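Undergrad: With the sequence up front, the predicted model follows.
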Amino acid sequence: MHPLKRTGSRRPLLLVVLVALTSVLAPGRLLGQVGGEGCTADHDEPGAPLETLTDLRAEIDKMLVITNRALLAVYGNDARLARFQFRQFRNSWHRADALIAALYPERCTALDLEAGRAEVALLYQDPEDIDTARSALQALSEDLSEIALDPATRMRDEEEGE
């Protein structure tokens, strides 16, 4: 039996408190990160880090689709599907976080915090904390949408294509 799945255990609450403290004291340590400087870190996830703005825009679009699917699953109380979608998001996030951190350092910490909140709510709580997952996924979707629609990114993307 998984240690967090014991009934009556206070471990899920303790885990949430620890993640909250980690996000305040060392914001770069969420989602398995080892660096203390925002979003960038070495990851053991599959896929190479992104290098171009064109690749980043495609990955952000992919993350938006995944996040919106996870939101639909959460609104439908389908925790299994929401967990599956979040794991896909996490893989994309690990590919894109270094480039996002370089281009949007002011947004990276907030994105990292919301991704960490969604991760704890969906992957480390039994039962899943659907309300926290919903608010974290909504914030992720909004922040990623703003980055995707940022005119500066579009101009940089067009300059790169020339």
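TA: Okay, I see it.
Undergrad: from here on, contacts and neighbour counts on C-alpha atoms
TA: Fine.
Undergrad: Least confident secondary structure element in this protein?
TA: For the chain, counting by mean pLDDT, DSSP states H and E, helix 11-25 ranks last in confidence among helices and strands (a mean of 47).
Undergrad: Just the helices from this protein, written as ranges.
TA: With DSSP state H, the ranges of helices along the chain come out as 11-25, 53-75, 79-103, 105-123, 130-149, 151-161.
Undergrad: tell me the contacts of the nearest residue to L123 once chain neighbours are set aside?
TA: Once flanking residues are discounted, L123 sits nearest to R83: 6.5 Å by CA to CA, 6 or more residues apart in numbering. Counting by CA atoms under 8 Å, 6 or more residues apart in numbering, R83 makes contact with A70, L122, L123.
Undergrad: Can you turn the buried part of those into a PyMOL selection?
TA: Filtering the contacts of R83 down to the buried ones (16 or more other CA atoms under 10 Å) takes a single PyMOL command:
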select buried, resi 70+122+123
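Undergrad: CSV for the contacts of R83, including pLDDT and distance to I130?
TA: Output for the contacts of R83, formatted as CSV (pLDDT from 0 to 100; distance: CA to CA, whole Å):
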residue, pLDDT, distance to I130
A70, 96, 11
L122, 94, 7
L123, 93, 11
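Undergrad: With distance to L103 as added columns, please give the contacts of R83 in TSV.
TA: Listed next are the contacts of R83 as TSV, based on distance: CA to CA, whole Å:
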residue	distance to L103
A70	26
L122	28
L123	29
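Undergrad: so of the helices of the chain, which one's packed in deepest?
TA: Counting by mean count of other CA atoms under 10 Å, helix 105-123 has the highest mean neighbour count of the helices of the chain, with a mean of 22.
Undergrad: can I assume L140 is in contact with V65?
TA: No. If you go by CA atoms under 8 Å, L140 and V65 don't touch, sitting 11.4 Å apart.
Undergrad: any low-confidence regions in the protein?
TA: 1-48, 151-162 (pLDDT under 70).
Undergrad: Now flag whichever of the contacts of R83 is closest to L99.
TA: A70 (23.5 Å; CA to CA).
Undergrad: Distance check, the residue nearest to the closest one when sequence neighbours are not counted against W93.
TA: In this structure, A70 finds its nearest non-sequential neighbour in A82, 4.5 Å apart by CA to CA, 6+ apart. Using CA to CA, to the nearest Å, A82 is found at 16 Å from W93.
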